[in-house]
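Asker: following is a predicted model, sequence given first.
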Amino acid sequence: MSELPAASLELVWQRAGSRCEYCGLHQEESNLTFHVDHVVAKQHGGSDEPDNLCLSCSQCNRKKGPNLSGLVNGKLYPLFNPRKQSWRRHFEWDQTILVGKTPTGVATIFVLNINSEARIRRREQLLFEGRFPPEDD
């Protein structure tokens with residue numbers, strides 16, 4: 001397993017603004033260290049190039065694993081790719097629930113379990129503290 005260059009790691013963190021590029025959680029709002037995720041896993045031909053890397057909270061990263069797609073109504077759809085797609089096109093917040101606006105958004109939310117009870121409770125706590133929803137950049 002190769003280490004990513006420090007410059008690549010710094011780029012990923014800065015580009016993401018220290019937020020998970022899937023669910024929007026900020027590193028300061030988590031007690032677990034975020035991961036640099038390969039959007040396309042190396043086992044599927046993905047590279048260590050910055051255009052294949054994104055910042056992911058540990059929960060999204062663990063659920064995503066090497067997955068590239070998910071089922072929606074019996075059809076296979078690709079998961080959201082933060083390097084090639086617009087977050088706003090695929091997702092929107094309804095209070096503390098993340099809603100998929102496209103089949104890709106729906107598949108991503110399902111596969112990454114973004115609306116689990118524990119994650120919703122955490123967002124409700126952040127909302128109460130005035131730290132949710134994430135600010136638009």
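Answerer: Perfect, I can see it now.

Asker: now the helices: where do they sit in this structure?
Answerer: Ranges of helices in the chain, per DSSP state H, are 6-16, 58-64, 87-90, 103-111, 117-128.

Asker: to Leu79, which of the ones you listed lies closest?
Answerer: Nearest to Leu79, of all the helices of the chain, is helix 103-111, at 4.8 Å by CB to CB. In this view, the C-beta of every residue, glycine as well, is placed from N, C-alpha and C.

Asker: for Glu29, find the nearest of the helices of the chain.
Answerer: Evaluated over the helices of the chain, closeness to Glu29 peaks at helix 117-128, with 6.0 Å, by CB to CB.

Asker: and the pLDDT for the closest residue to Arg83 other than its chain neighbours?
Answerer: What sits nearest to Arg83 in space, not counting adjacent residues and going by CB to CB, 6 or more residues apart in numbering, is Asp51, at 5.2 Å. Listed pLDDT for Asp51 reads 97.

Asker: so which of the helices of the chain is the most packed in?
Answerer: By mean neighbour count, with neighbours taken as mean count of other CB atoms under 10 Å, helix 103-111 ranks first of these at a mean of 22.

Asker: give the contact list for the most centrally placed residue in the chain.
Answerer: Per CA atoms, centre = their mean, the C-alpha nearest to the average position across the chain is that of Tyr22, at 1.8 Å. Residues in contact with Tyr22 (CB atoms under 8 Å, 6 or more residues apart in numbering) are 54, 56-57, 60, 64, 80, 82, 108, 112, 114.

Asker: relative to Gly74, how far out is it?
Answerer: 24 Å (CB to CB, to the nearest Å).

Asker: one more: Cys60?
Answerer: The value you get for Cys60 to Gly74, if CB to CB is used, is 24 Å.

Asker: mind checking how far the closest residue to Lys75 other than its chain neighbours is from Ser86?
Answerer: Among residues not flanking Lys75 along the chain, Pro103 sits closest, at 7.2 Å (CB to CB, 6+ apart). The spacing between Pro103 and Ser86, counted by CB to CB, is 15 Å.

Asker: same check on Leu25?
Answerer: Distance, Leu25 to Ser86, using CB to CB: 19 Å.

Asker: in terms of neighbours, single out the busier of the two.
Answerer: Per other CB atoms under 10 Å, whichever of Leu25 and Ser86 has more neighbours is Leu25, with 25 against 9.
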